[in-house]
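Peer 1: Take this sequence and fold it.
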Amino acid sequence: MRTFFPSDPCKESQLHAINPQSWLQVERGKLSKFSSPHTTSSSIESFIKVPEPPILPFFKPIDYVEVLAQIHEELESCSPLERSNLYLLQFQIFRGLGETKLMRRSLRSAWQKAGTVHERLVFGAWLKYEKQGEELIADLLATCNKCAQEFGPIDVVSQLPSEVNVSSQETFVMNGDKSLKTVTFKIGDEKVVCDRQKIASLSAPFHAMLNGYFTESLSEDIDLSENNISPLGMRTIAEFSMTGSLSEVPPDLLLEILVFANKFCCEKLKDASDRKLASLVSTKDDAVELMEYAIEENSPALAASCLQVFLHELPDCLNDERVVEIFSHANKQQRSIIIGQASFSLYCLLSEVAMNLDSRSDKTVCFLGQLIESAETDRQRLLAFHQLGCVKLLRKEFDEAENLFEAAVNLGHVYSISGLARVGYIKGHKLWSYEKLSSVISSFNPLGWMYQERSLYCEGDKRWEDLDKATELDPTLTYPYMYRSASLMMKQNVQAALAEINRVLGFKLALECLELRFCLYLAIEDYKAAICDVQAIQTLSPDYRMFERRVAASHLRTLVREHVDNWTTADCWMQLYDRWSSVDDIGSLSVIYQMLESGGEKGVLYFRQSLLLLRLNCPDAAMRSLELAWKHASSEHERLVYEGWILYDTGHCEEGLRKAEESIKIKRSFEAFFLKAYALADSSLDLSNSSTVISLLENALKCPSDNLRKGQALNNLGSVYVDCGKLDLAADCYINALKIRHTRAHQGLARVYFLRNDKAAAYEEMTKLIEKAKNNASAYEKRSEYCDRDLIKADLEMVTRLDPLRVYPYRYRAAVLMDSYKEKEAIAELSRAIAFKADLHLLHLRAAFHEHVSDVMGALRDCRAALSVDPNHQEMLELHIRVNSHEP
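Peer 2: Okay, here's the model as predicted:
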């Protein structure tokens, strides 16, 4: 998630190790050109460095599909109390795959299926932690009379079951000696008269004292002065013995009564005071003070209430040493009081938060130690051992890291062997590390990380071969691209180096890859390209630090800026048009960043920025930009539009529509009409809405706006016309969009030609888009629909080369192989992609193929894994039922 394990600590004191001024002079011409004979690979190497890939603190099973299937099967038959832990394990698998949406859904399932109040507290807090920064969404929903506080505080007292044994206390009354009606308790100089049998009914000790063979049973006066109870406290207890409830009692007196009740085993009194105190906890300071009493007096309601306060204030409460102390040093019995049976879940959450704050910190180590102690199953233990091993490795505590990785491996976590190999290499056993990974590769179905890790322990051609194999097996790994690119640059093969890093940036906007390309551009003094990348970096992560986290990206941008001509507002708009029309999304981001720096209309610019970030599959950054657009809106009607988009993008379509309508009432604007049309078209597949959507888009086009947005509106209008079968009107829209350089309209026009049975024209139109667009994987995929089989194969191979995360090419190739009766090859083609991408459609098709070849267990496994990805997919559910009926 947010956890990042840098190769070295971020220390400002290390800044002198990289002196940007030495290679980035303010005056031009001070640096020799890269082609100069004076430039050596060693001088380039001084700032082009590729850190070793981190050992990720994630659960990464050899066959995640198999484990997901096992979890799904267990969820079908387990008790309600086991479900949350299974969903937590599912979450950990999706985290290892980098599937953020699936991770959050698993957490939500764990929260919904929580069997205890403690689990509900933990998973509710975890979801709230994951939603940090989304407070604005809740506020906007409130303006629509819709509540979003689903993870807010809960009534712990009402949800925690009472453990008081009432029947045993009734027995005390029936067996009691009623010869003496009252008893007087002397406390200091005061006396408190109580009903003898009512006090006796409070507990077995009181019953024995007042009705048994003790001398007090014959006494009317009993001295309680040495029992830490005040006269007022005793009077309150006497009243409770008569009424069975505590009235308005101040907290200090409740604590006194709680201690007394625990000492004399007054279960009902203790439960009442425990719950009363629990209802009074409101602040972190309250919780810190009262948690000590809760643990000492074994008060579960009070402990749960204090826990809720701590969890509600994550991550800030972990900066309070008093809170950290409570969680860090709790023993098994104390953990049971604090968190009941949800100890593992709690320390999973606390460990994650601590790692995000500082993965090397002592509190991270303490929480992970507690996680190990809380683990009850082998799968829980291997995760805990591996995570603590990763932290110990970062802290350079190599012997302990080795022992922890070894423990994880022994429990079946093969990925932890990468940690063992890394420790072995650090200790000087390079050959041992190489052989260790070679053994893994030969023993299991090879995965990309295995070859990537082994590449660290060999040189020359062997390293290149391993890295090429790593990319073949898992193209999402960034280190192989970065290493190859940097190596090519050392050999002064500039174009090949740039081409290599561009391969991964074409489908995965990784900050570390942008940083490397920035360095490559600096090396060849292409400052225009360098400024583009550093501005894109700052857009994605404003606080990003470069050069092993030693230098702020903003500082480097300031230095590079001196080497680039300043653009006027007109220049910026021209550049934006050029890059937008060539589908250069990173370049467009950079231009918008510069326009924001120059003081343009910030609301409008941040909104454009959010559109680009969504296109680049950066939803968190997109939402941040959209919120900045809202913050900088220049008018009420503009602000309402941004509120509408915020609500729409977070799944609140109806509320988004309402905001658009409110904006239109104030002022008829392009963006308000466009938002309403977009949301309405997406909210219903009913073609009866089409006329309304068409009218809205036509109204939008009548309002003032720039051609970038009008091109999008024309494109959307063309799409609606196509759906209505009005091909001539659609063609007009697409042609008009192309006239104002909306390049993506080629795709719509190609669809019109295809529907007119002019396949050749459709193919030609998509070829024009491919030639114009910088990012064109989707264009190749779309063009494949308009050509013959041989050309289809070539286009889809190009798609996979440009963007290996697009799943349609794998499915198409597998289907062709299946049609050719090459069942094994077809299944292998799907397995190739499934190995690095948990995709419903890939799993669904492979399940169908397994069913076709009568591999019932393989089909059942894929069905269960697919339903872990989407539990409500109707076709998948039907296939699962059908396959399940064939299970032996």
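
Peer 1: which residue ranges form the strands in this protein?
Peer 2: 182-187, 190-195, 221-223, 545-546, 551-552 (DSSP state E).

Peer 1: what pairs with the first one, and is each one parallel or antiparallel?
Peer 2: On the basis of DSSP bridges, the sheet neighbours of strand 182-187 come out as strand 190-195 (antiparallel), strand 221-223 (parallel).

Peer 1: right, so those strands: which one is the most enclosed?
Peer 2: Of all the strands paired with strand 182-187, strand 190-195 carries the top mean neighbour count, a mean of 16, counting by mean count of other Cβ atoms under 10 Å. Using the backbone N, CA and C atoms, a C-beta is placed for each residue, glycine as well.

Peer 1: With just CA atoms, put it into CSV.
Peer 2: This file holds the C-alpha atoms of strand 190-195, laid out as CSV (Å, rounded to 0.1, in the frame of the first residue of the first chain):
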residue,chain,number,x,y,z
GLU,A,190,-18.2,7.1,58.9
LYS,A,191,-20.7,4.2,58.9
VAL,A,192,-22.8,3.0,56.0
VAL,A,193,-25.8,0.9,56.7
CYS,A,194,-26.7,-1.7,54.1
ASP,A,195,-29.2,-4.5,53.5
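
Peer 1: Check the offset of that strand from the chain's centre.
Peer 2: Its chain's C-alpha centre and that of strand 190-195 lie 60 Å apart, by Cα atoms, centre = their mean, to the nearest Å.

Peer 1: Give me the contacts around it.
Peer 2: With Cβ atoms under 8 Å, 6 or more residues apart in numbering as the test, strand 190-195 has contacts from 181-185, 221, 231, 234-235, 237-238, 241-242.

Peer 1: which two in these are spaced the farthest apart?
Peer 2: Spanning the widest gap among these are 181 and 231, at 20.9 Å by Cβ to Cβ.

Peer 1: Between these two, tell me which one has more neighbours.
Peer 2: residue 231 (16 against 9; other Cβ atoms under 10 Å).

Peer 1: What's the separation between residue 506 and residue 613?
Peer 2: Per Cβ to Cβ, to the nearest Å, residue 506 is found 17 Å from residue 613.

Peer 1: Comparing those two, which residue is more hemmed in?
Peer 2: Higher neighbour count among residue 506 and residue 613: residue 613, with 23 against 16, using other Cβ under 10 Å.

Peer 1: hang on, isn't that one packed against residue 622?
Peer 2: Yes: between residue 613 and residue 622 there is a contact at 3.7 Å, judged by Cβ atoms under 8 Å.

Peer 1: Just the endpoints, please. Distance across stretch 451-471?
Peer 2: 9 Å (Cα to Cα, to the nearest Å).

Peer 1: ok, residues contacting that stretch?
Peer 2: With contact meaning Cβ under 8 Å, 6+ apart, stretch 451-471 is reached by 52-53, 418, 421-422, 425, 430-431, 433-434, 437-438, 441, 446, 448-450, 473-474, 477, 479-481, 483-484.

Peer 1: again, only this time at 6 Å
Peer 2: By Cβ atoms under 6 Å, 6 or more residues apart in numbering, the residues outside stretch 451-471 that reach it are 418, 425, 430, 433-434, 437, 448, 477, 479-480, 483.

Peer 1: likewise stretch 830-841?
Peer 2: 97, 99, 474, 476, 807, 810, 814, 842, 846, 866, 869-870.

Peer 1: what bits of the stretch 701-850 of the chain have low per-residue confidence?
Peer 2: Along the stretch 701-850 of the chain, no part satisfies pLDDT under 70.

Peer 1: quick one, helices of it?
Peer 2: Remark: helices assigned in the stretch 701-850 of the chain by DSSP state H, counting those that start in this stretch are 707-723, 727-739, 745-755, 759-772, 777-783, 789-802, 808-819, 823-834, 840-852.

Peer 1: would you turn those into a markdown table with mean neighbour count?
Peer 2: What follows is these, written out as a markdown table (neighbours: other Cβ atoms under 10 Å):
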| stretch | mean neighbour count |
| --- | --- |
| helix 707-723 | 22 |
| helix 727-739 | 19 |
| helix 745-755 | 22 |
| helix 759-772 | 18 |
| helix 777-783 | 23 |
| helix 789-802 | 17 |
| helix 808-819 | 19 |
| helix 823-834 | 19 |
| helix 840-852 | 21 |
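
Peer 1: wait, which of those is closest to residue 558?
Peer 2: With Cβ to Cβ as the criterion, residue 558 lies closest to helix 707-723 of the helices of the stretch 701-850 of the chain, at 28.9 Å.

Peer 1: What is that closest one packed up against?
Peer 2: Contacts defined by 3 or more Cβ pairs under 6 Å, 6 or more residues apart in numbering; DSSP states H and E place helix 707-723 against helix 690-702, helix 727-739, helix 745-755.

Peer 1: Would you mind identifying the helix or strand in the chain with the lowest mean pLDDT?
Peer 2: The helix or strand of the chain with the lowest confidence, counting by mean pLDDT, DSSP states H and E, is helix 20-23 at a mean of 39.

Peer 1: Output stretch 748-759 as PDB, restricted to C-alpha atoms.
Peer 2: Only the C-alpha atoms of stretch 748-759 are listed here, as PDB (Å, rounded to 0.1, in the frame of the first residue of the first chain):
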ATOM      1  CA  GLY A 748     -15.000   6.700 -33.000                       C
ATOM      2  CA  LEU A 749     -14.900   7.300 -36.700                       C
ATOM      3  CA  ALA A 750     -13.400   3.900 -37.300                       C
ATOM      4  CA  ARG A 751     -16.300   2.400 -35.400                       C
ATOM      5  CA  VAL A 752     -18.700   4.200 -37.700                       C
ATOM      6  CA  TYR A 753     -16.900   2.900 -40.800                       C
ATOM      7  CA  PHE A 754     -17.000  -0.600 -39.400                       C
ATOM      8  CA  LEU A 755     -20.700  -0.400 -38.700                       C
ATOM      9  CA  ARG A 756     -21.200   0.700 -42.300                       C
ATOM     10  CA  ASN A 757     -19.400  -2.500 -43.300                       C
ATOM     11  CA  ASP A 758     -16.300  -0.600 -44.500                       C
ATOM     12  CA  LYS A 759     -13.700  -2.500 -42.600                       C
END
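
Peer 1: now that stretch: how far from the chain's centre is it?
Peer 2: Worked out by Cα atoms, centre = their mean, stretch 748-759 lies 41 Å from the chain centre.

Peer 1: returning to what we had before: make a markdown table out of the strands paired with strand 182-187 and add distance to residue 464 and mean pLDDT.
Peer 2: Listed next are these as a markdown table, based on distance: least, Cβ to Cβ, whole Å; pLDDT from 0 to 100:
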| stretch | distance to residue 464 | mean pLDDT |
| --- | --- | --- |
| strand 190-195 | 87 | 94 |
| strand 221-223 | 88 | 92 |
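
Peer 1: May I see those organised as CSV, with distance to residue 666 added?
Peer 2: Output for the strands paired with strand 182-187, formatted as CSV (distance: least, Cβ to Cβ, whole Å):
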stretch, distance to residue 666
strand 190-195, 70
strand 221-223, 77
